[in-house]
Structure formats: structure tokens, C-alpha cells
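Chemist: Structure for the following, please:
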Amino acid sequence: MKFLVICNSASGLHNFRSMLLKELIKKGDQIVAIVPESTDDSQIGSENELKKLGCQLIRMKIERRNIALKKDLFLLAGYARCMFYFKPEFVITYTIKPNIYGGVICRLLKIPYAVNVTGLGSAFQKKNFLYKIVVLLYKLALKNAKTVFFENQNNFQIFLNERIIESSQGYLLNGAGVDLDKFSYHNYPQPHRGTNFLFIGRIMKEKGVEELFFAMKRLQKDNQECHLYIVGNFEENYCEVIEKYEKEGWLTNCGHQKDVRPFIARADCFVLPSWHEGMSNTNLENAAMGRPVITSNISGCKEAVIDGVSGMLCEPGDEEEVYNAMKKFLDLTYEERKTMGIEGRKHMEKNFDKKEIVKKTISRLDMITS
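Modeler: Numbers count the residues shown, from 1 in each chain. Below you'll find the predicted structure:
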């Protein structure tokens, strides 16, 4: 079967879906993928890896975060041209714009398609005019979707409550899962002076970076020996703030990293106080490698943690809760921290094995394409 895959990030497609693509190609399926045009080295590297898997790539301009009417109309037309030219037998989309625009074109051209809701984004944070527009667009786009894959129950329920889809269309997965071989268990760091906290993700307000910075500044005032390592790209302008904290000596900005595993291995605890997620892959990866996780008590984050056992949960947007959770972690003994990490790994093995999630995904695709 010829699949057309539409996404908003080559690195996201490679990092989180390569196992699925490999299995489809192994079955004899053909994969054509539309990825955004980019000059970023990490994206270009991911494009090369996708080509090595056997995927044919089409590069197309996309505004990932903003609605830009003229550019979005060009994107819509671009999707339509690709579908006319390649004549896919089935289309799979990931993230908001590919889901909506790709879904609309598939519906118009009567091409069967499946949609992956990998998170609802900021548009669903407040029930304002933008919220209503996005709900309407989703209704138009997903009406004929063969399946809508969800990464957490809350997102699934919102789509049902808003009557965007029928319950029979929805299919719940535990996110994209985590490759337990790649993110294998690493022994907890030997006792050392201070505590190394780690954040991996896009550096932006909605990832909870301001609450994280607040907590770290309070801990410095408390004379706690701890350090924050940040791995990721700037999505918003925090350059000056981060440079200031680096000069103060309690933060290290590591920038984008192709392989995050060495940073996880050296960390004592991972912290992600995000406001919203589909299913946080970084939470899963850190837990898989045996690191305690402090994260938000929201769908898409809380599933990765057994509160008080493999990590700690705090309310999103609450800087005091983030501070209290990190302070509580600092008071744990070495053995308590190590045990938390071991429990996190067990939780990943039981519930988030990527191999099992890929099997479920292919089983569902086989059912709706047969």
C-alpha cells in the first residue's frame, strides 16, 4: 500500500515514528512523507535518516505555531497537489495543521485517512474565539477519518464532548511509547556533591520554564546545592534570561542535542512542568533510563509517573508547587532516589514499550485499510 505521511517536523517523525515506518516498509508498504522546509541541521539530519529508512520525502513550507492565512492556503494547496500527484491509497497525519488541512483535502478527494492527535496545543487552553474556530476546523477535517489516534484519555474525551468525532473513530494509545532498547536502564549516578536537575524540551513558556526558573532561584536562596541543565531549542526568546542564570552559575544551556541519552545518564532528576502535552516523550525516555521525574499533574504528563513512587506531580502553572516538589526531592536519600528511578523503569516496561504500541498501531491500520 502507498502511504502518504504528513507531519510538521522531520525530527519528530524520525525520533518518535521511525519504528512504525520501518515496520510498514518491512511489510512492503511505500512511504511518502511531507516534511517542513528547514535549514536547521537537526531537521536535515533527520531527513537523511528518514531517507535511509526508505521514505521518499517532499519538503514544504509550514508555519508550525501561528495561523498565517496566505501561507496556510499555500500549504493546503500543496497538500492537494501532492495527493493528486502521488495518488496515495491512505494518508496518515500528525499534529494540528497537518491533521486539519490534510484531513480536509483527504475528505474532499475521498482518500481514506487516519489522524494522530499528539496534543491539543494552546488553542484549547481557553474556550475563546480561537478555541471555537479550531473545534469547527477539526469537525470539518475529521468527519470522515477512518481512525483518530489519541495519546491520552483527556484529549479523546474533549473530542467526544465537542462532538468532533464519533466514539467509534477514536483509538487510544500510550503515546508513541519509548524504545526500551535505545533508552535502556542506566545505573543511577554515584553519590556526588550537589544535585543535577535536567530539562529537555522546547524552551518556551508553555513548557513551564518560568516556573522551573522560579524554583531554581528559590533553591539557590535556600543554599541548596543543585544545578539545572537545559537541552533544547529556543522556541521563544529566553536567551538573555538564560545567559544571566548561566553567569550566576546555577544553569547550563546545552542547546539542541541529537542524542539526549548522555545527559539523562548524568542527571539525578528530570523536571518538566509543562502546561499541556499529548504524551511527553521526554518523561518516558527519562523514566526508561531510570531517572525520577517531576512533572505536571495533567493528562500527557501524569501517566509517566507513579506519584511518590517513581517521581512527583505538581499542578501546572504553579511555581510554588514546582519549588516544593524539587525541594522535597533534594531531601530524599540516595537510595530513595535510586529506587524511584528503578520504579520508573518498571512502569515504562509495563505500559509504554514502543514495540507493543507499534503492534497496536499496525493492527488498527490493517483493520481500517483491509
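Chemist: quick one, phi psi at residue 114?
Modeler: Dihedral angles of residue 114 (phi, psi; degrees, to the nearest 10) stand at phi -130, psi 140.
Chemist: Bridge partners for it, pull those for me.
Modeler: residue 92, residue 147 (DSSP bridges).
Chemist: Does it touch residue 142 like I think?
Modeler: No - judged on Cβ atoms under 8 Å, residue 114 makes no contact with residue 142 at a distance of 10.1 Å. Every residue, glycine included, has its C-beta placed from N, CA and C.
Chemist: Find residues that contact each of the two.
Modeler: The contact sets of residue 114 and residue 142 overlap at residue 148 (Cβ atoms under 8 Å, 6 or more residues apart in numbering).
Chemist: Let me see the ranges of the helices in the stretch 251-370 of the chain.
Modeler: Taking DSSP state H, counting those that start in this stretch, the helices of the stretch 251-370 of the chain run over residues 261-266, 281-288, 319-330, 334-351, 354-369.
Chemist: Indicate which one of those helices is closest to residue 35.
Modeler: With Cβ to Cβ as the measure, helix 281-288 is the member of these nearest residue 35 (18.2 Å).
Chemist: measure residue 271 to residue 196 for me?
Modeler: Distance of residue 271 to residue 196, computed by Cβ to Cβ, to the nearest Å: 11 Å.
Chemist: out of those two, which sits in the busier spot?
Modeler: residue 271 (27 against 16; other Cβ atoms under 10 Å).
Chemist: Could you give the bridge partners of that one?
Modeler: residue 294.
Chemist: was I right about it contacting residue 292?
Modeler: No - taking contacts as Cβ under 8 Å, residue 271 lies outside contact range of residue 292: 9.6 Å.
Chemist: pLDDT weak spots in the stretch 51-200 of the chain?
Modeler: 64-68 (pLDDT under 70).
Chemist: Could I get the full set of strands for it?
Modeler: Residue ranges of the strands in the stretch 51-200 of the chain, as given by DSSP state E, counting those that start in this stretch, are 56-60, 90-94, 113-117, 147-150, 170-172, 195-200.
Chemist: Measure how far the first one is from the centre of its chain, please.
Modeler: Meaning strand 56-60. Here the centre of strand 56-60 is set off from its chain's centre by 22 Å, with Cα atoms, centre = their mean, to the nearest Å.
Chemist: Stretch 284-300 too?
Modeler: With Cα atoms, centre = their mean as the basis, the mean position of stretch 284-300 lies at 12 Å from the chain mean.
Chemist: Give the rounded mean pLDDT of it.
Modeler: In this model, stretch 284-300 has an average pLDDT of 97.
Chemist: Show me which positions of it end up buried.
Modeler: 284-296, 298-300 (16 or more other Cβ atoms under 10 Å).
Chemist: ok, so of those residues, who is nearest residue 102?
Modeler: Closest to residue 102, out of all of these and judged by Cβ to Cβ, is residue 300, at 22.2 Å.
Chemist: excluding its backbone neighbours, what's nearest that closest one?
Modeler: Nearest residue to residue 300, sequence neighbours excluded (Cβ to Cβ, 6 or more residues apart in numbering): residue 277, at 3.2 Å.
Chemist: Which parts of this structure belong to which domain?
Modeler: Residue ranges for the domains of the chain, per automatic domain parsing: 2-177+353-369, 195-351.
Chemist: and those as a markdown table, adding distance to residue 184?
Modeler: Below are the domains of the chain laid out as a markdown table (distance: least, Cβ to Cβ, whole Å):
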| stretch | distance to residue 184 |
| --- | --- |
| domain 2-177+353-369 | 13 |
| domain 195-351 | 7 |
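Chemist: Ok, which of the ones you listed comes nearest residue 189?
Modeler: domain 195-351 (6.1 Å).
Chemist: now the end-to-end length of the closest one.
Modeler: Terminal residues of domain 195-351 are spaced 29 Å apart (Cα to Cα, to the nearest Å).
Chemist: Please state the offset of that domain from the chain centre?
Modeler: Worked out by Cα atoms, centre = their mean, domain 195-351 lies 15 Å from the chain centre.
Chemist: Ok, stretch 180-200 next?
Modeler: Relative to its chain's centre, stretch 180-200 lies at 20 Å (Cα atoms, centre = their mean).
Chemist: do the same with stretch 77-85
Modeler: That offset, for stretch 77-85, works out to 27 Å (Cα atoms, centre = their mean).
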